[in-house]
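Asker: Build me a model:
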Amino acid sequence: MPFLFQPVEIPLPPARWSCGINLMTCVFQTHVAVPETAVLQSVANLDKLVAVIECQQPEADLYRFVGRITISQQMEEIVRPLGPESLLLRGARLKNTKEIFGVAVYTGMETKMALNYKSKSQKRSAVEKSMNSFLIIYLIILLFEAILSTILKYAWQAEEKWDEPWYNGKTEHERNSSKILRFISDFLAFLVLYNFIIPISLYVTVEMQKFLGSFFIGWDLDLYHEETNQRAQVNTSDLNEELGQVEYVFTDKTGTLTENEMQFRECSINGIKYQEVNGKLTPEGFSEDSPDGNRHRLMKEEELFLKAVCLCHTVQISADQTDGADGPWHGGGTPATLEYYASSPDEKALVEAASRVGVVFTGTTGDSMEVKSLGKPERYKLLHVLEFDPNRRRMSVIVESPSGEKLLFTKGAESSILPRSKSGEIDKTRIHVDEFALKGLRTLCVAYRRFTPEEYQEVGKRLHEARTALQQREERLADVFNFIERDLELLGATGVEDKLQEKVQETIEALRLAGIKVWVLTGDKHETAVSVSLSCGHFHRTMNILELVQHKSDSTCAEQLRQLAKRIKEDHVIQHGLVVDGTSLSLALREHEKLFMEVCKNCSAVLCCRMAPLQKAKVVRLLKTSPEKPITLAIGDGANDVSMIQEAHVGIGIMGKEGRQAVRNSDYAIARFKFLSKLLFVHGHFYYIRIATLVQYFFYKNVCFITPQFLYQFFCLFSQQTLYDSVYLTLYNICFTSLPVLIYSLFEQHVHPHVLQSKPVLYRDISKNAHLGFKPFLYWTVLGFFHAFVFFYGSYLLMGEDTSLLGNGQMFGNWTFGTLVFTVMVITVTMKMALETHFWTWINHFVTWGSIVFYFIFSLFYGGIIWPFLHTQDMYFVFVQLLSSGSAWFAIILIVVACLFLDVVKKVLYRHLQPTSTEKAQMAEDKGSVSSAGDFAEGRPRGEDDRQLLDPASPPGSSCLR
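Answerer: Here you go, the predicted model:
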């Protein structure tokens, strides 16, 4: 068996094998073992192996491994290179191989996977930042009240009759104590008395709301993809409300806007364009009915081109299909359906297309690759693989043909193949490549080279030296690859289509209506990216397309940016779209960042092509840290999108065909791009409204709670006497007022979900943290103080002069007054929450009215029974006496109405005189004029929509899935 070198314990594979699924990328990768160890097929044979492994120190790069193995055989030392293709990363799974042996070269925290462990940067939502700012303001209010109370206490006690009244004389210790210590002690006592104004329970409630609310995304059947049986996934619940604040969307193209299902469409061979028609390669303009359209044999150039496609790749065939006597061919000579595996969907599509037109790749045996051309088997010996890398942007194989000829087959981007070609129809192929790109096809060029025996001997020598080097191996290999991949003869080019996902155009248009700018960041070539942007609606046909591409110097890039800025100012009425490539972007960001940002912000859509993964993250960071501090969202499906997903405020992974790395590193994961509309316009809208109201309401009800305590000090000589019983102080935020706002924050739907989705413009009403700005915060705070003054002075006016509210003349005291204020407060703040609720369910009714009922029942039991475990029971029979007074009932009703009346009037006036778009939608819904016909979701009654959200047990594939 061959030998594989691994960060952890691994068995030993055949000479050439396919390994997947790598748990980091979830893609199929081909790994190659050292030929000298391929014969070691058992443990007994393995025991005879004598070898020394030398390799680099542990590093985090998953795609780089430099090492060599020195094998001692028959008094001879054989040195073989070890590269990434010989290294199986920890957490991988085998495919097409039953078992392997290996040696662990890195273990524990020195493995590449462990070195890549990185805690994601903590993302904080705009709501959380606002909440912390409000908390600081309330902390200042607390300090102000405590300091003021302390100062007023000593100002009041400046008079001797108040400093030491006859009924409350001081002890000798109190008279001789330090005034500074007494001041500090009193200040701290007031801090303790007023500390309930700081809503500590707010953070607990917010975390509960975020955690419980996140389940609704996974339960939403409109975000369920039936074909792949995948539901939406929430990886973090801290950013739910941030979905309602997005201003910029950065999206990948392949696999995100498109299906990542490659289909062969066209090719160019020897300057002639071909299409596949009924399993035959037909020149453009010919059909099966034309004289030359029904050919059964391939021309020499066509066959060589297809063989190059079948040999230059990393595609593997399922092991089960290569074991039969006839191989993958039926007895009649017709090819059976082969199941190909490939890390690149482009390679898979090309190999499948070649098999349909007569040249079939039938698998590998040892170091040989087998091909059947129209049923005739041919075996090519694989001599060397020149792996693909993003700098060269091509891959090559060197094979030995059945006739013994040494051939190099190369395929890659046209920018890396055409300049290295010296013969073939270069000009015609370049024209065809541009035509393919304009149709939105992904293009690759194919070329080859023949080696003389002397040339191949030189190539083999250089490759061996470079691959066995332990220092600067990558640089030496790059030089050798450039030496080999030259003087090419161009064979042609391929055009593969990656079709758009369903409803991509409608989703992008909806995002634009919502005021969200969409940037597409892709690694595709300029023409392909522009064509796809036009087809998906990212660019409009009427849009003025500006270009910043192919710049090689700072000066030319700066001049072009200035011209673009001038054109935008001159044509400010027209919508502009900007196209920028990776090299120009690097120049623009180097010294002209502000000018570049000015141009981008004045464009309706931006397309960045030929982008490296780190460039994607840099663009996101550029917008994220701009002076406006917009909220950004990045969405992608592949490992190359992880950097921008982690950089953006909100990262969304697409459960596509490029593995699960993007999904695992994202904050949310969805199966299709079209689901983004409901995720933002419905869930994001609801989450933001709910948590914004929750935060403001918590501050409001705590102001209502503590301000009467502060006012009461003016009537008790600032003696730190509490207005409320200690049990009421403890249970106010825990039991009496907590559930209504929690249930509101989970179930509130101020507008029907289908209205939100069919009218994306409503998203603008909540943008830029509109409901948690200074004005709403000031309104809720002032409202809290107003209600607190009404609670206290309304009760005081009732009992201030005459406390004999009972018919028998019995007088009310301090605890009765405090209980009256507390009762009015509990009812008012609960009714205030009821006024804010638009969507009532049985749960809302239960907790809203149940909270008031629970308060009355609890107070009756707490004050109506002598509890033996309580040392003092100041509240004994107080609540019962209060409720037995008709005047007290009248006061409660009058004060509650007085508090809420102005609030109701304000809501009615604003709603009819100055309504927002959301309020207009609410009024239209109330009048029954809501149309549920939208582009995105089917109409359903609101109750049914709630059952959909609340029914996690619905089995996939049931009738409720559409």
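Asker: List the contacts of the closest residue to residue 481 other than its chain neighbours.
Answerer: The shortest distance from residue 481 to any residue that is not its chain neighbour, by CB to CB, 6 or more residues apart in numbering, is 5.3 Å, and that residue is residue 386. Where C-beta positions appear, they are placed from N, C-alpha and C, glycine not excepted. Contacts for residue 386 (CB atoms under 8 Å, 6 or more residues apart in numbering) come out as 395-398, 410, 481, 484-485.
Asker: hang on, residue 386 in a strand?
Answerer: Yes: in this structure, residue 386 lies within a strand as judged by DSSP: H, G, I helix; E, B strand; the rest coil.
Asker: Can you list the strands that the helix or strand containing residue 364 pairs with?
Answerer: Counting by DSSP states H and E, the element that carries residue 364 is strand 359-365. Strand pairing for strand 359-365, determined by DSSP bridges: strand 368-373 (antiparallel).
Asker: Can I get the partner strand in CSV, CA atoms only?
Answerer: In CSV, the C-alpha atoms belonging to strand 368-373 read as follows (Å, rounded to 0.1, in the frame of the first residue of the first chain):
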residue,chain,number,x,y,z
SER,A,368,-2.5,5.3,-15.6
MET,A,369,-5.5,7.2,-16.9
GLU,A,370,-7.9,5.3,-19.1
VAL,A,371,-9.9,6.9,-21.9
LYS,A,372,-12.2,5.4,-24.5
SER,A,373,-12.6,7.3,-27.8
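Asker: So which residues make contact with that strand?
Answerer: Strand 368-373 is contacted by residues 298, 303, 306-307, 310-311, 329, 335, 358-364, 377-382, 399 when judged by CB under 8 Å, 6+ apart.
Asker: is it fair to say residue 669 lies in a strand?
Answerer: Yes: if the criterion is three-state DSSP, then residue 669 is within a strand.
Asker: Now do the contacts for it.
Answerer: For residue 669, the contact set (CB under 8 Å, 6+ apart) comprises 232-233, 235, 652-655, 663.
Asker: so it bridges to which residues?
Answerer: Here residue 669, judged by DSSP bridges, has bridge partners residue 233, residue 653.
Asker: gap between the two ends of stretch 226-240?
Answerer: Using CA to CA, to the nearest Å, the gap from the first to the last residue of stretch 226-240 comes to 24 Å.
Asker: same question for that stretch, mean pLDDT?
Answerer: Per-region confidence: stretch 226-240 scores 89 on mean pLDDT.
Asker: what sits up against it?
Answerer: Counting contacts by CB under 8 Å, 6+ apart, the residues outside stretch 226-240 that touch it are 123-125, 128, 210-211, 213-215, 217-220, 223-225, 649-650, 655, 663-664, 666-671, 675, 679, 683-684, 687, 691, 956-957, 961-962.
Asker: before we move on, what about stretch 512-523?
Answerer: Identification of contacts with stretch 512-523 by CB under 8 Å, 6+ apart yields 246-254, 257, 508, 511, 529, 533, 538, 604-612, 615-616, 619, 640, 644, 680-681, 760-761, 763-764, 767.
Asker: Let's see that with 6 Å instead.
Answerer: Taking CB atoms under 6 Å, 6 or more residues apart in numbering as the criterion, the residues outside stretch 512-523 that touch it are 246, 248-251, 253, 508, 511, 529, 533, 538, 605-609, 611, 616, 760-761, 763-764.
Asker: Make a PyMOL selection of the buried ones in the contacts of strand 368-373.
Answerer: Provided next is the PyMOL selection string for whichever of the contacts of strand 368-373 are buried by 16 or more other CB atoms under 10 Å:
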select buried, resi 298+303+306+307+310+311+329+335+358+359+360+361+362+363+364+378+380+382+399
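Asker: Would you mind naming the helix or strand containing the nearest residue to residue 70 once chain neighbours are set aside?
Answerer: Taking CB to CB, 6+ apart as the measure, residue 70 lies nearest to residue 52, with 4.7 Å between them; neighbours along the chain are not counted. Assigned by DSSP H and E, residue 52 belongs to strand 51-55.
Asker: now the helix or strand following that strand against strand 51-55, angle please.
Answerer: Towards the C-terminus, the helix or strand next in line after strand 51-55, according to DSSP H and E, is strand 67-73. Strand 67-73 and strand 51-55 meet at an angle of 170 degrees, taking axes from the mean of the first three to the mean of the last three CA atoms, to 10 degrees as the criterion.
Asker: other SSEs contacting strand 67-73?
Answerer: Packed against strand 67-73 by the contact rule (3 or more CB pairs under 6 Å, 6 or more residues apart in numbering; DSSP states H and E) you find strand 51-55, strand 76-82.
Asker: mean pLDDT lowest for which of those?
Answerer: strand 76-82 (a mean of 83).
Asker: where are the low-confidence patches of the stretch 101-250 of the chain?
Answerer: 113, 116-121, 160-176 (pLDDT under 70).
Asker: Swap in 80 and give it another go.
Answerer: Across the stretch 101-250 of the chain, the stretches falling below the confidence threshold (pLDDT under 80) are 112-122, 156-179.
Asker: could you pull out the helices for it?
Answerer: Counting by DSSP state H, counting those that start in this stretch, the stretch 101-250 of the chain has helices at residues 112-115, 126-156, 160-163, 172-176, 179-194, 200-219.
Asker: For residue 543, find the nearest of those helices.
Answerer: Relative to residue 543, the nearest member of the helices of the stretch 101-250 of the chain by CB to CB is helix 126-156, separated by 30.6 Å.
Asker: returning to that earlier point: only C-alpha atoms, please: export the strand holding residue 52 in CSV.
Answerer: As requested, C-alpha coordinates have been extracted for strand 51-55 and formatted as CSV (Å, rounded to 0.1, in the frame of the first residue of the first chain):
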residue,chain,number,x,y,z
ALA,A,51,12.2,5.6,5.4
VAL,A,52,12.9,9.0,6.9
ILE,A,53,10.4,11.9,6.6
GLU,A,54,11.6,15.5,6.6
CYS,A,55,8.9,18.2,6.6
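Asker: so what does that strand touch, helix or strand wise?
Answerer: The criterion is 3+ CB pairs under 6 Å, 6+ apart, and the helices and strands that strand 51-55 contacts are strand 67-73.
Asker: Pairing partners for the strand it packs on, with directions?
Answerer: strand 51-55 (antiparallel), strand 76-82 (antiparallel).
Asker: Format the ones you listed as JSON lines; extra columns: distance to residue 879 and mean neighbour count.
Answerer: Rendered in JSON lines, the data for the strands paired with strand 67-73 read as follows (distance: least, CB to CB, whole Å; neighbours: other CB atoms under 10 Å):
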{"stretch": "strand 51-55", "distance to residue 879": "79", "mean neighbour count": "14"}
{"stretch": "strand 76-82", "distance to residue 879": "82", "mean neighbour count": "16"}
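Asker: closest to residue 187 out of those strands?
Answerer: Distances from residue 187 to each of the strands paired with strand 67-73 were compared using CB to CB; the minimum, 66.9 Å, belongs to strand 51-55.
Asker: Lowest-scoring secondary structure element of this structure by mean pLDDT?
Answerer: Here the helix or strand of the chain ranked lowest by mean pLDDT, DSSP states H and E is strand 16-19, holding a mean of 42.
Asker: thought residue 543 was touching residue 575?
Answerer: Yes: applying CB atoms under 6 Å as the test, residue 543 and residue 575 come out as touching, 4.9 Å apart.
Asker: So between the two, which is more surrounded?
Answerer: Looking at residue 543 and residue 575 with other CB atoms under 10 Å, you find the greater number of neighbours at residue 543, namely 17 against 14.
Asker: That one and residue 888: what is the separation?
Answerer: Spatial separation of residue 543 from residue 888 under the definition CB to CB, to the nearest Å is 70 Å.
Asker: now do residue 313
Answerer: 87 Å.
Asker: Residue 786 too?
Answerer: On the measure of CB to CB, residue 786 and residue 888 end up 22 Å apart.
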